[in-house]
Structures are given as structure tokens and as C-alpha cells.
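1. Mind folding the following:
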Amino acid sequence: MIPVRSHTLSLLLLCALAITPACDSDSRKSEVQENALPVVDFGHARVSVELAVDQATQAKGLMFRKSMPEDQGMLFIFDRPKQMSFWMRNTHLPLDIGFFTADGVLREVYPLYPHDENSRKSIRFDLVYALETNQGWFERNGVKPGDKFEPMSVRNP
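-> Predicted coordinates for the structure are as follows:
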């Protein structure tokens, strides 16, 4: 398990992203240049993610977006374990949200509906990551509670 202390995890993750080799072939290089987002890899499914590591980015989230590519999402990274609470103010897209513990294990998944200002709270209080995807992504990709990604392997494609 990865200990989570203050902003250390966020800074380490960003540093890892900056130094991770981005490609292994010429065709892959052009693909990376077009889409240089980090990737969360579950082994059998992958999703490109924007990172939300600071309060301002976390507060805005996916607000005001009219669309998002199918295999893209936003990964929220928090400083310490906590109960999660998300709402859909000014969010036009139907989303799913997955909540993860510090070891990268998916614990809970919920649908989120456009403009719903009721908070969706997690059951658990030991969560560090939240992954918002297009609604149905988890099911379509066979990603379910108990599946895991390696937090420090969130990397460029």
C-alpha cells in the first residue's frame, strides 16, 4: 500500500508523468503528441485522464463540457484518505464515478446525472482517488469493484 501524506503523492505522480517515456514507435509518437494525457491502466481496460490535483481544478471538474471522448475521464487525486462527495452542478455530461483507496483498488462506482446538485457520497472514508468517466464506461469495459490500477503507473500512453 502506498502511504498518502500531504501533497507528496500528487507531486510524485506529476514528476513520474514528466519523466515517463511516452512512446515506443514512430506511429505511437504522433499519437502521443495528439493526445498527451496520462493513462490509468487496469490491465484489461485503459482510460486517458486529465488530472485534478489542486482545489481549483477539483472544484471545476468536468463542468461546462458538452462532450468527452469515450475512453477519456478525469482522475481526482486527494492528499489524504476521506469520504468522497461529488455533485453535478453545471455539468452537462452523464458520468460514472469510481472511488479508489490509496492502493488503487476500485471500491465503489455510481452513476452521476447532468445538473443533479444532490451530492453523491461514498460509503467508505478511506478513499484517495475518484475517476469520472462517461456514463457506462466502467460496465462497458468490465471494470468493477476489486479491480486495481497501480497509482504510480498513471503514465503517458
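2. backbone phi and psi for the closest residue to residue 87 other than its chain neighbours, please?
-> Once flanking residues are discounted, residue 87 sits nearest to residue 119: 4.9 Å by Cβ to Cβ, 6 or more residues apart in numbering. Where C-beta positions appear, they are placed from N, C-alpha and C, glycine not excepted. Phi and psi for residue 119, reported as degrees, to the nearest 10, are phi -70, psi 140.
3. the helices in this protein, which residues?
-> Counting by DSSP state H, the chain has helices at residues 8-19, 26-34, 55-60, 137-140.
4. does the residue nearest to residue 87 really touch residue 86, like I thought?
-> Yes: applying Cβ atoms under 8 Å as the test, residue 119 and residue 86 come out as touching, 6.8 Å apart.
5. More neighbours: which of those two?
-> Using other Cβ atoms under 10 Å as the criterion, residue 119 and residue 86 rank with residue 86 on top: 20 against 10.
6. residues contacting the closest residue to that one other than its chain neighbours?
-> Nearest non-adjacent residue to residue 86, counting by Cβ to Cβ, 6+ apart: residue 120, 5.4 Å away. Residues near residue 120 by Cβ atoms under 8 Å, 6 or more residues apart in numbering: 85-87, 97, 110, 112.
7. Please repeat the previous calculation with a cut-off of 7 Å.
-> Neighbouring residues of residue 120 by Cβ atoms under 7 Å, 6 or more residues apart in numbering: 86-87, 97, 110, 112.
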